[in-house]
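In: Please find the sequence and the predicted model below.
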Amino acid sequence: MIPQPRRVAAGCTGSGQTGQVTSTVRAAIRVEGVVQGVGFRPFVYSLATRLGLAGWVGNDSGGVFAEVEGPAESVRDFLESVRRDAPPLARVDRVTAEPMTPDGAAGFAIVPSDGTGRRRALVSADSATCADCLRELADPADRRFGYPFINCTNCGPRFTIVRDVPYDRPLTTMAGFIMCRQCAAEYHDPANRRFHAQPVCCPACGPRLRLLDAHGTDLAGPGSGSPGSPSTGSASIEPGRAGPAGVPLAKAVQVLQQGHVLAVKGLGGYHLAVDATSPAAAARLRARKHREDKPFAVLVPDVAAARMLCELDELAEEMLTSSRRPIVLLPRRAAGSRGGHPDGDGWAAGPSGAPGSPAGPIADAVAPGNRQLGLMLPYTPLHHLLLREFARPMVLTSGNVSDEPIAYQDADALDRLGGIADAFLTHDRPIHIRTDDSVVRPFRGRATLLRRSRGYVPEPLRLRRPFRRAVLACGAELKNTFCLGHGDRAFLSQHIGDLENYETLRSFTEGITHFGRLFDITPELVAHDLHPEYLSTKYALDLDGAELVGVQHHHAHIASCLADNDEDGPVIGVAFDGTGYGTDGTIWGGEFLLADLATAERAGHLAGVPMPGGAAAIRQPWRMAAVYLAAAFPDGLPGSLAVAARNQAAWPDVLAMAERGINAPVTSSCGRLFDAVAALLGVRDSINYEGQAAVELEQLAVSTPQAGYPARIIPGPPLTVAGPDLVRAAAEDLLAGVPPAVASARFHYGVAAMIGRVCQRLRESSGLGTVALSGGVFQNLLLLGATVDVLEHAGFRVLTHARVPPNDGGISLGQAAVAAAQP
Ligand SMILES: [Zn+2]
Ligand SMILES: [Zn+2]
């Protein structure tokens, strides 16, 4: 907290009349948070100079420290401004000041870093190119004109290039680039925007762009990326427009224009890019990536271009343009309404002023049958240059095959993406740590995170209740993240991915080591899931010397929601997801818990149903439809249930499997209930990516509120919800000719109403009036919205996620919180 001015004034000398404007004071000031590598010292320097204060500023292990001396009023202004006007990438946690005796010094200086300063200062997240750098990038008179690696203290790569701390150039992947004289002068000039910007570079001394084929052969000619060298094939480039990106960039644009697939090295890994308006190009990318349906994200140059494709409100704009630059999931505009540009050729006449042919609409294959589109604005200078030249929306999707982790090392990228990409736009600045794009979605005025990664990580989450002992939480299996907790900070890792192969396991183990080093945390407690087969569980059990805490999956979800909201509970926790190991050895996923951070009691759940075929039942929702329909109509299916005709021949086998309990684990999963209804309503019988049936069921629903289907609640404890009732109601609606879109909405509202009724029963028995909603099912905004409405209408206080995803990507935070709360 900023101290009251009187505390500073206590160090006055002279007249002894405190508060007198002319009295001179001196104060020792400490600033904590993300304050190194973000231009904080130059900011303090110019602030102090402007206010006429004497003293100095420096970095040390705890952040930034300074001493300032001058008129009391100026020192007070200084303290206010340090917090209020901090540089854009800084996150100021705390400013403290102690009075000192003035010593009559003059002048202000930046003093060298304290060499012992290790680790406690925080590495910042990667940040999108700032406005100043963009101006220089577009200015032919600037020496960095068109340079794809331009950056400054206010923008550029951070987390993805840091090898170790302190954050200093030799410990980043820029170590191999020797600064030229001009860059060095900027780097050492406290008044310069690039003062101590570790990745600072220019065409003369920095990384260079190259265009390669899958064999690593240079497609742009030797030395073509080098400024000043005679470029081969330069006839195809407009002089003065390409800048030092030169031939590689121009040829890369040709690759895209010809409908080919371009791999592009970004901040945290390789992307695959194609023309988003070309059906053939999008289909080619899908086929080669073995990604049948999962939507691709689309890169557009600016907000105006985004508005042509999707409905944007103020929050969506803010998310799109934030320096974190996540993928933002937005509702698509109805066909024929391309908003903002009534002439309909917005791309050609686009606000970026880019030339190019008018582009058609986004190809269907980009996000097949999807009412949403994931949009992203450029966040590196290379993306800006590419889009400026290409002048069309561009698919920018992770550089991988199917569900593998994204490629981030050059040789590995050529190897793994060689069968997908026709060319590689790459460069020689190494990426130290793989970091996927983050994904957010606006919900009722706030951003909900679906994936917290680039742009957010490694920024810690501050918690009101500090960790008494250092904690490592290993996360779950899918969408894995881990979390290191220390003091009042929780460091959530980047998105690691599904822990089911060697590559992701290596990211996981190396990531834990890396984070431990960066933040100087040696865990004493290690939290893990209860599932014995999760690789994250096995990793934890294999550690020597740490105290282990097993945390039930859905308790971790609710604790994650509590920690997200900085609360301790107890609450009624509604944890709805696909799969989580229960304390009874069955698969849970439709859970009502009475929980605080330390403990959880299962107070209600969806009735268990068999999953015939185990994992096969997850991949083939029709199996769940068969099981649920059999339970919903114990006396036999109505003969006219037309939908059951599909796969009807396979039903007897599946139902026999379920009945005999052979390879048919019992589950209370809400995800499987959604699957069953999706298959029943004809959404799909089998899926190509996790959660697909539920995603499409949500999209199918009409947008007007509907009367929800009823479901019986069978008294407990624990209370049991008859899920088959909902399925029966949906089937009867179908038989009565109700459109599936209406039936989908009625199902969603039925689940919300059921949650409301169960929570009311639990409030009666427990006296708890707060409900926490967590688990992947609540990524469904139709369900989330309806549930929040029902609960608030019934007088509950409702906690939802904000800082971490409701899905398993947020679960490590919950595990850490549970471990920390153990007596
Ligand atoms: Zn910048
Ligand atoms: Zn240079």
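Out: Noted; the coordinates are in hand. Ligands and ions are numbered 1, 2, ... in the order given.
In: So which residues of the stretch 101-250 of the chain form helices?
Out: 131-137, 181-188, 246-257 (DSSP state H, counting those that start in this stretch).
In: Out of these, which is the most enclosed?
Out: helix 246-257 (a mean of 24; mean count of other C-beta atoms under 10 Å). Quick note: C-beta positions are derived from backbone N, CA and C, even for glycine.
In: so how far is ligand 1 from residue 264?
Out: With distances taken as C-beta to the ion, to the nearest Å, residue 264 is found 20 Å from ligand 1.
In: Residues of this protein that sit close to ligand 2?
Out: Contact residues, the chain versus ligand 2 (C-beta under 5 Å from the ion): 180, 183, 202, 204-205.
In: try 6 Å
Out: Selection of the chain residues close to ligand 2 by C-beta under 6 Å from the ion yields 179-180, 182-183, 201-202, 204-205.
In: Could you pick out the buried ones from those?
Out: The neighbour count (16 or more other C-beta atoms under 10 Å) marks 179-180, 183, 201-202, 204 as buried among the residues of the chain next to ligand 2.
In: just to revisit the earlier point, so which of the residues of the chain next to ligand 2 is the closest to residue 671?
Out: residue 201 (47.4 Å; C-beta to C-beta).
In: So that closest one sits against residue 178, correct?
Out: No - Residue 201 is beyond contact range of residue 178, at 9.8 Å (criterion: C-beta atoms under 8 Å).
In: can you pull out the strands in the stretch 51-200 of the chain?
Out: According to DSSP state E, counting those that start in this stretch, the stretch 51-200 of the chain carries its strands in the segments 54-60, 63-71, 91-100, 108-110.
In: Run through the neighbouring helices and strands of the second one.
Out: Here strand 63-71 touches strand 24-34, helix 40-50, strand 54-60, helix 72-84, going by 3 or more C-beta pairs under 8 Å, 6 or more residues apart in numbering; DSSP states H and E.
In: Mind putting the ones you listed into CSV with mean neighbour count, distance to residue 516 and mean pLDDT?
Out: Putting the helices and strands packed on strand 63-71 into CSV (neighbours: other C-beta atoms under 10 Å; distance: least, C-beta to C-beta, whole Å; pLDDT from 0 to 100) gives the following:
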stretch, mean neighbour count, distance to residue 516, mean pLDDT
strand 24-34, 22, 19, 90
helix 40-50, 21, 25, 89
strand 54-60, 21, 21, 86
helix 72-84, 19, 30, 93
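In: mind giving me TSV with those and columns for distance to residue 249?
Out: Shown next, in TSV, are the helices and strands packed on strand 63-71 (distance: least, C-beta to C-beta, whole Å):
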stretch	distance to residue 249
strand 24-34	33
helix 40-50	32
strand 54-60	37
helix 72-84	40
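In: Out of these, flag the one nearest residue 584.
Out: Closest of the helices and strands packed on strand 63-71 to residue 584 is strand 24-34, at 44.0 Å (criterion: C-beta to C-beta).
In: and that closest one, what other elements does it pack with?
Out: helix 5-9, strand 63-71, helix 72-84, strand 91-100.
In: quick one: average pLDDT of the shortest one?
Out: Along helix 5-9, the predicted local confidence has a mean pLDDT of 35.
In: from the chain's centre, how far out does stretch 484-497 sit?
Out: Relative to its chain's centre, stretch 484-497 lies at 13 Å (C-alpha atoms, centre = their mean, to the nearest Å).
In: Let's see that stretch as CSV, backbone CA atoms only.
Out: C-alpha atoms of stretch 484-497 as CSV (Å, rounded to 0.1, in the frame of the first residue of the first chain):
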residue,chain,number,x,y,z
LEU,A,484,3.4,-24.0,-7.9
GLY,A,485,2.2,-22.2,-4.8
HIS,A,486,4.4,-20.1,-2.5
GLY,A,487,3.6,-17.2,-0.2
ASP,A,488,0.5,-15.5,-1.5
ARG,A,489,1.2,-16.5,-5.1
ALA,A,490,0.1,-19.4,-7.2
PHE,A,491,2.1,-19.9,-10.4
LEU,A,492,-0.1,-21.8,-12.9
SER,A,493,1.8,-23.3,-15.8
GLN,A,494,1.0,-22.8,-19.4
HIS,A,495,-1.3,-25.3,-21.1
ILE,A,496,0.6,-28.5,-21.2
GLY,A,497,-2.0,-30.5,-23.0
